[in-house]
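J.: Sequence and predicted model, in that order:
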Amino acid sequence: MKKKGQVWVETIIYTLIAFVMIGLILYFANPKIREAQDQAILEQSAGMLENLKSVILNIGIPGNKRLTEITIKKGELVIDGVNDRLIFQMDSDYIYSEPGKSINYGSLNVTTQEKGDLNTIILFGDYSNGYNITYEGIDQLKTISQSASPYKLFISNNGGSPTNINFELG
């Protein structure tokens, strides 16, 4: 009878030790996993901004309109009609660049800003040299937040000098 009780106590102790070990592994591995996921999201978002730039540059003559789908898994896309920029920003544990310093990533400008325990990573493309960016025909800020489903974004060339590029959500 005494041996049966000892077996159960040993089983419970070994199970608790296993749970503690799993907990410790998750505690240390989870931040690295989140950083790797955020890095992948940033790479996809940079690709999205490059794709939008390609559409803007190749939209052709005034009156042309293109449909593109964008997916935002984390962060937000800002159409800055006031400063003629497209901006993607997200909060992350990941440090993309030295905080406070701007770097170039292709045609994009990347800045990491410290924000408490997190970092705000900002990617933007500047179109002020040659394009007037608008949202629904107005120089305004439009923030497109993360969503499980893709957004339909219409980009049209409305002509003018500088060339007016208008964005609308479909």
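T.: Thanks, I have the structure now.
J.: Do a quick rundown of the helices in this protein.
T.: All helices of the chain, identified by DSSP state H, fall at 2-57.
J.: got any ranges where it has weak pLDDT?
T.: Within the chain, the segments meeting pLDDT under 70 span 1-3.
J.: can you rerun that using 80?
T.: Where the chain drops to pLDDT under 80, the residues are 1-5.
J.: Please give me every residue in contact with K152.
T.: For K152, the contact set (CB atoms under 8 Å, 6 or more residues apart in numbering) comprises 67-69, 169-170. All C-beta spots, glycine's among them, are computed from the backbone N, C-alpha and C.
J.: measure it to T71 for me?
T.: Relative to T71, K152 is positioned 11 Å away (CB to CB, to the nearest Å).
J.: do the same with N164
T.: Per CB to CB, N164 is found 26 Å from T71.
J.: who has more neighbours, those two?
T.: It is N164, of N164 and T71, that has more neighbours when counted by other CB atoms under 10 Å, with 18 against 13.
J.: quick one, phi/psi of the closest residue to the more buried one other than its chain neighbours?
T.: Once flanking residues are discounted, N164 sits nearest to N158: 4.0 Å by CB to CB, 6 or more residues apart in numbering. Main-chain torsions, N158, degrees, to the nearest 10: phi -100, psi 10.
J.: same check, this time on the one 3 residues further on
T.: As for S161, its main-chain torsions (degrees, to the nearest 10) stand at phi -140, psi 110.
J.: what about it, how many residues close to it?
T.: 7.
J.: so what's Q44 up against?
T.: Residues near Q44 by CB under 8 Å, 6+ apart: 71, 73.
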